[in-house]
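Student: 3D, please:
(chains A and B)
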Amino acid sequence: MSVRVSRYFPFATGGLQSLLQYRSMFVVTGVTAAAGAAVTVFLWRAVYADAPGGGTGPGGFTPASITTYLLVAQVLQVLHANRVDDEVAAEVYRGDVAVMLVRPVSYPLVRLFACLPVVAANAALVGVPALLLFSFLVPLTTPRPVDAALFAVSTTLSVLIAFCVNLLTGMTGFVTTNTWGVRMVKQSVVAFFAGQLVPIALMPGPLAAVAGALPFKGMVDSPLTLLLGRYDGMGGAVAVLAQQAGWAAGLTVLCAVLWRAALGRLEVLGG
Amino acid sequence: MTRTRLGTALWYVRLSWFLGGVGLHRLAAYRLDFALGAGAFLVRVGIQTAVVGLVFRQVPAVGGWSYHEVLFLLGFSLLPRGLDHLFTDQLWELGRKLVQRGEFYRYLIRPVNPLFSLLSERFFHPDALGELVVGAALVTYAGTSLDLDLTAVQWALAPLLVLCGALIHTAVKLCFASLSFWTVTSLPAMYAASQVSEFAAYPLDIYHASLRALLTWVLPFAFTSYVPAVYLLSGDTALLGWLPVVTALALLLALAVWRRGINTYEMTGS
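Tutor: Modelled structure (predicted):
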């Protein structure tokens, strides 16, 4: 099957247009992201304020680097919130997905292209302002240029992993109608095991092992490991990226296989 | 048809009882949905508890609060939130789409109070049972671990504190949902307000002074958990006296906004 990319551009511009109709959404995303960041930042800063000694605290973080970690983690979470999960779920159980199937395009790819402008707009309109706001309020660490470059590559992979996770969550609409509950569970579990609320370095051994074996680590912990330079030489950085790429590839295949299987047993009401 | 005031009140009680029963029937009809909804809260709160546990692996106290004290606060914050969730979550529908789709008129033509009519459409949200059960379990566990010995006055006040907290949650939700009468949909605003309420699950002492002021006097979520928890844990009544005042003011404000909103809606005549 040859994929003609140009077929999918209209979906990308369409996604952008529908996004711009709800400009107030950016304000809300910003407020909620800032609120979420503030809760975790204040909680962990209180820990590092009470930590004995000063300088480097638990997990090898300094007060500035743990703040940077939690803030950037929140920004990454905004990039990952692409609404693919609820849109796919809604289209599946309303049966709207049938309309898509008669078009000569792949539905998962349509979704990918439609969500890319959302990711870019969220990065520019929510992520950057949130970082600027907090940089005035709390001390942050400035990354080395090479770490920033590695972070950019890693973030791209993390967006792909997040897309696959959200698509798989949306596909539960084939099985249950309460996708609200499923999405809420997904959100909590992913946030936790991605290292968004607690850096994996601060988790006890068994929990860290579980987090290390799951793909969600590639969404937050891996990009931040690179950004903060918490890796072991260039070999270590490549290993982090390779693991992410492996998960991205694996999840893409899983999505494709499950999507085929789900369509095989899809029944849409009405005639 | 005229009724005495008492007769009307009794009639509303009977109606609520009946409609609550209708809500319970959903529980049996959509068992998987209920399990998923209540289970989702279980997972969410479980993870919140795990985060608190991981924080206290590093240090014995945060902002002057011990591990079990923070757990007590976290658990207590779920009780008013759950109680409010159990009965008034139909307000999300108002903010989301009822005005936008022009469906709101149907609450105005029924022979009951429009607010009651709206809420009674789904009087019982069983998902909230997950929150209430976990909240009660956390409070009991943390209270036992702290050897908390409540006085008779504290025992008597505790349910009232939960009730006031629930009413504050309802007031904030009603206020933001009513904005939809002017803005067509107010879901974004409601979502932002509910996100801010998450701050109340942790000790106010760790936050920046401006955030503390916001949570105490603007969006008064501090009165739903922090103020009652401080009172129950230490007997400190510094802010407790404000609780009924804040609850009453929040409710009055929300009802005023709601009433003005209904009038606006009638005038557009859609």
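Student: and A:Lys164, how many neighbours does it have?
Tutor: Just so we're on the same page, residue A:164 is Cys rather than Lys. 23 (other Cβ atoms under 10 Å in any protein chain shown). C-beta here means a position set from N, CA and C on the backbone, and glycine is covered the same way.
Student: what of B:Val153?
Tutor: 9.
Student: what of the one 3 residues further on?
Tutor: Other residues near B:Ala156 come to 10 when the count uses other Cβ under 10 Å.
Student: and it, what element?
Tutor: In this assignment (DSSP states H and E), B:Ala156 forms part of helix B:152-178.
Student: for the residue nearest the centre of chain A, give its distance to A:Gly218.
Tutor: In chain A, the residue lying closest to the centroid (Cα atoms, centre = their mean) is A:His80, at 2.8 Å. Counting by Cβ to Cβ, to the nearest Å, the separation of A:His80 from A:Gly218 is 11 Å.
Student: distance of whichever residue of the stretch 151-270 of chain B sits closest to chain A relative to B:Glu93?
Tutor: At 3.8 Å from chain A, B:Pro188 is the closest residue in the stretch 151-270 of chain B, using Cβ to the nearest Cβ. From B:Pro188 over to B:Glu93 the distance is 15 Å, taken as Cβ to Cβ.
Student: whatever residue of the stretch 151-271 of chain A ends up closest to chain B: neighbour count?
Tutor: When scored by Cβ to the nearest Cβ, the stretch 151-271 of chain A has A:Gly181 as its residue closest to chain B, at 3.5 Å. The burial count assigned to A:Gly181 is 24, neighbours taken as other Cβ under 10 Å.
Student: what sits against it?
Tutor: Going by Cβ atoms under 8 Å, 6 or more residues apart in numbering or on different chains, A:Gly181 touches B:33, B:36-37, B:39-40, B:127.
Student: which single one of those residues is nearest to A:Leu133?
Tutor: Comparing the contacts of A:Gly181 against A:Leu133 with Cβ to Cβ places B:Ala40 closest, at 31.0 Å.
Student: what does the pLDDT read for the closest one?
Tutor: On the pLDDT scale, B:Ala40 is placed at 85.
Student: what do you get for the one 3 residues further on?
Tutor: Per-residue confidence at B:Val43 stands at 89 (pLDDT).
Student: list the buried residues for the helix holding B:Ala156?
Tutor: Neighbour-count burial for helix B:152-178, counted by 16 or more other Cβ atoms under 10 Å in any protein chain shown, picks out B:154, B:157-158, B:161-162, B:164-178.
Student: which strands or helices does the helix or strand that that helix is followed by pack on?
Tutor: Of the helices and strands lying after helix B:152-178 in sequence (DSSP H and E), the nearest is helix B:180-183. Helix B:180-183 is packed against helix B:242-268, with contacts defined by 3 or more Cβ pairs under 8 Å, 6 or more residues apart in numbering or on different chains; DSSP states H and E.
Student: between the helix it packs on and helix B:152-178, how big is the angle?
Tutor: Between helix B:242-268 and helix B:152-178, the angle comes out at 20 degrees (axes from the mean of the first three to the mean of the last three Cα atoms, to 10 degrees).
Student: show me what helix B:242-268 is packed up against.
Tutor: With contacts defined as 3+ Cβ pairs under 8 Å, 6+ apart, helix B:242-268 has these neighbours: helix B:105-108, helix B:152-178, helix B:180-183, helix B:226-234.
Student: the nearest residue to B:Asp205 once chain neighbours are set aside - how many residues pack around it?
Tutor: With sequence-adjacent residues excluded and distances taken as Cβ to Cβ, 6 or more residues apart in numbering or on different chains, B:Asp205 is closest to B:Gly63, at 4.0 Å. B:Gly63: 18 surrounding residues under other Cβ under 10 Å.
Student: what residues does chain B have near chain A?
Tutor: Residues of chain B found near chain A (Cβ under 8 Å from any Cβ of the partner chain) are B:30, B:32-33, B:36-37, B:39-41, B:43-44, B:47, B:50-51, B:54-55, B:57-59, B:61-63, B:127, B:188-189, B:191-192, B:195-196, B:198-199, B:202, B:206-208, B:211.
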